[in-house]
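A.B. asks: Okay, sequence plus prediction incoming.
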Amino acid sequence: MSPAYLVTEEVRREDGVSPSWPVPDADTLRITVGITRIVEQESLDVVIEGAPANEENWRPLLYFARKFYCGEYSQSVQRDQVNDIDRLRVRWRISRWHNSGPQPLFQFYVTAEEAEVPMAMAAAASR
């Protein structure tokens, strides 16, 4: 499975929420936040939320620690941990350390893909 972009790579200057996406059919899902551009003295908070098919009662599934630097940051979630979840979305918050200065600026993306299970783990699980 190639990565699905929950949030496409763009410059963002304010808080936001992505459209919702169906949960990919995978035993283990890897969510990656990639930050490609940032201005100093800013932070980015990202939360992955999930909901049943009716898209009511969104709840947080994964929190990414506050980010200050460019890079790729990944976390995984097991499908059996979110059996009641059919849809995913991303919520982000952009902050400046001081209210003075230019409007905040982040360029980032968020992807979801099936996580590869190391051979040793797969062999142990099949016993």
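C.D. replies: Thanks, I have it. Just so it is clear, the structure is predicted and the values come from calculations on it, not from any experiment.
A.B. asks: Which parts of this structure are helices?
C.D. replies: With DSSP state H, the ranges of helices along the chain come out as 119-125.
A.B. asks: where does it have low pLDDT?
C.D. replies: For the chain, the stretches flagged by pLDDT under 70 are 1, 99-101, 117-127.
A.B. asks: Strands of that one, start to end?
C.D. replies: 4-12, 16-17, 21-22, 28-38, 42-51, 59-67, 71-78, 87-96, 106-114 (DSSP state E).
A.B. asks: Now mean neighbour count too, for those, in TSV please.
C.D. replies: Every residue, glycine included, has its C-beta placed from N, CA and C. Listed next are these as TSV, based on neighbours: other Cβ atoms under 10 Å:
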stretch	mean neighbour count
strand 4-12	15
strand 16-17	12
strand 21-22	13
strand 28-38	18
strand 42-51	19
strand 59-67	14
strand 71-78	15
strand 87-96	18
strand 106-114	20
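A.B. asks: Might you report the residue contacts of the closest residue to residue 8 other than its chain neighbours?
C.D. replies: Once flanking residues are discounted, residue 8 sits nearest to residue 109: 6.0 Å by Cβ to Cβ, 6 or more residues apart in numbering. Residues in contact with residue 109, defined by Cβ atoms under 8 Å, 6 or more residues apart in numbering, are 5, 7, 8, 9, 10, 33, 34, 36.
A.B. asks: Quick check: beta-bridge partners of residue 109?
C.D. replies: residue 34 (DSSP bridges).
A.B. asks: could we number from 871 for the rest of this?
C.D. replies: Done: numbering now begins at 871, and the last item shifts to residue 979.
A.B. asks: what's the spacing between the residue nearest to residue 966 when sequence neighbours are not counted and residue 919?
C.D. replies: The spatially closest residue to residue 966, leaving aside those adjacent along the chain, is residue 974, at 5.0 Å (Cβ to Cβ, 6+ apart). Using Cβ to Cβ, to the nearest Å, residue 974 is found at 22 Å from residue 919.
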